[in-house]
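Visitor: Here is my input; please provide its structure:
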Amino acid sequence: MARRTGPLTAAEQAQLAAYHRKYLAAGLATAPADRPRAEAALARAYELAGHTPVPVIWVDSPLTANLLIAMLQRQRAGHPSDQGGRDSLGASLGVSLGASLGASLRTSLRTSLGASLGVSLGASLGVSLGASLGVSLGASLGASLRTSLRTS
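Guide: Model (predicted):
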């Protein structure tokens, strides 16, 4: 894909604003998840990435999720208070979920978001920052050189 320079067109700015509204609304949504649809989408994403789908663990809140993650990490690390009477299901789920989901999501997000944001933001920010920095640095260096040459 060729890298374009210059500001965004009016149509691109409108599209960027529409994407912003759409994904901000999704991020702020508090409606219950469509769990079967989400699980099917995750399974399909794993399959497309060439991995075996893993079970999905649903929790009631971000706090509960963080507590579960901490517990699984402690158990995997062999923390003494987590050894008694527990089977290895939690540890193997933690390892499996952490490794495969983390790697696939990082790669997927890095690729798609990086390309999308790189093109749209890189073009518009590059031009405006380049112009601002050019003027600012030019003035500053020019003044510094003039002062230097006068005192020499």
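
Visitor: how about Ala33, what does it touch?
Guide: Ala33 makes contact with Trp58 under the criterion CB atoms under 8 Å, 6 or more residues apart in numbering. (Each C-beta comes from the backbone N, C-alpha and C, glycine too.)

Visitor: meant to ask about Tyr19, not that
Guide: By CB under 8 Å, 6+ apart, the contact set of Tyr19 is empty.

Visitor: And it, how far from Gln13?
Guide: According to CB to CB, to the nearest Å, Tyr19 and Gln13 sit 11 Å apart.

Visitor: Gly27 now?
Guide: Plainly put, Gly27 is 21 Å away from Gln13 if you go by CB to CB.

Visitor: Also Leu24?
Guide: Separation of Leu24 from Gln13 (CB to CB): 16 Å.

Visitor: Then Arg4?
Guide: Counting by CB to CB, the gap from Arg4 to Gln13 is 14 Å.

Visitor: circling back to that earlier point, which one's more surrounded, Gly27 and Gln13?
Guide: Set side by side, Gly27 and Gln13 show more neighbours around Gln13, with 13 against 7, by other CB atoms under 10 Å.

Visitor: which stretch of helix or strand covers the more buried one?
Guide: Per DSSP states H and E: Gln13 is located in helix 10-28.
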